[in-house]
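1. compute the structure for the input listed below.
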Amino acid sequence: MKYAMTALAMLLASPLSAQDWSGQWGGFALGYGAGSYEQGNFEADETGEDVDLDGFLVGLHYERNFQRGNHVLGFDLGLSKGVRGTSPQEPGPTYWACELGECFVNVEALFTLRGRYGWLVTPETMIYGAGGLAAGKVDGGIYNFTRNSSTAVGYTIGAGLAHMIQPDLMLYAEVNHVDLGTLDLGPLGTPGDTLDGRGDFSTVLIGVNFRF
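-> Next up is the predicted model:
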């Protein structure tokens, strides 16, 4: 046990500098996202339908890394298409129960700005965590009744694995949780009342980055 602890301490203390992760990287990613949003007039404590969202994602990625030994700090920017969903028209006790048309929530575009911390498992392989700001261009509401297009701002957290296959080329895979806060989905019949959306979604991404 003593020798194992000593070996672990040496591994954590030793700089893995055979590969340089510093600098600017950019590339693209493909993936999939899924989640759910509940619609309702939440100020009046009236809830409606759950709208399930999903969709394939494609996006651009930029990151700036600073390496110190086997620690890699930095930040990244991401821009991608978002997830979409509808709930079928059906009778209900209120308009926001999709009585007049399909309920829908479309995250048409998603922007993220995150801080990152990575640790090198080997000189070519890094595990990392990231978190920060998320903003989405959102269109939603109930067809034939009310809808709104707006920008929603919230947060995202995630974790990933990156592998450098060449000095200026890396592949990565990551999972993320995104919460854009309460969505404004349009006015209701009473002045000042709005149809809102409350929920979140998750994404799984696989991407490639090039150093430049």
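
2. which residues in the chain form strands?
-> Counting by DSSP state E, the segments of the chain that form strands are 23-41, 46-68, 71-81, 84-87, 103-122, 125-142, 146-166, 169-179, 183-187, 194-211.

3. which secondary structure elements does the second one contact?
-> Strand 46-68 sits against strand 23-41, strand 71-81, strand 84-87, strand 103-122, strand 194-211, with contacts defined as 3 or more Cβ pairs under 8 Å, 6 or more residues apart in numbering; DSSP states H and E. For glycine as for every other residue, the C-beta is placed from the backbone atoms N, C-alpha and C.

4. again, 10 Å this time
-> Applying 3 or more Cβ pairs under 10 Å, 6 or more residues apart in numbering; DSSP states H and E, we find strand 46-68 packed against strand 23-41, strand 71-81, strand 84-87, strand 103-122, strand 125-142, strand 169-179, strand 194-211.

5. go on, the first one?
-> Contacting strand 23-41 under the criterion 3+ Cβ pairs under 10 Å, 6+ apart are the following elements: strand 46-68, strand 71-81, strand 84-87, strand 103-122, strand 125-142, strand 169-179, strand 183-187, strand 194-211.

6. mind putting those strands into JSON lines with mean neighbour count and mean pLDDT?
-> Shown next, in JSON lines, are the helices and strands packed on strand 23-41 (neighbours: other Cβ atoms under 10 Å; pLDDT from 0 to 100):
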{"stretch": "strand 46-68", "mean neighbour count": "17", "mean pLDDT": "94"}
{"stretch": "strand 71-81", "mean neighbour count": "18", "mean pLDDT": "97"}
{"stretch": "strand 84-87", "mean neighbour count": "19", "mean pLDDT": "94"}
{"stretch": "strand 103-122", "mean neighbour count": "19", "mean pLDDT": "97"}
{"stretch": "strand 125-142", "mean neighbour count": "20", "mean pLDDT": "97"}
{"stretch": "strand 169-179", "mean neighbour count": "18", "mean pLDDT": "98"}
{"stretch": "strand 183-187", "mean neighbour count": "21", "mean pLDDT": "94"}
{"stretch": "strand 194-211", "mean neighbour count": "20", "mean pLDDT": "96"}
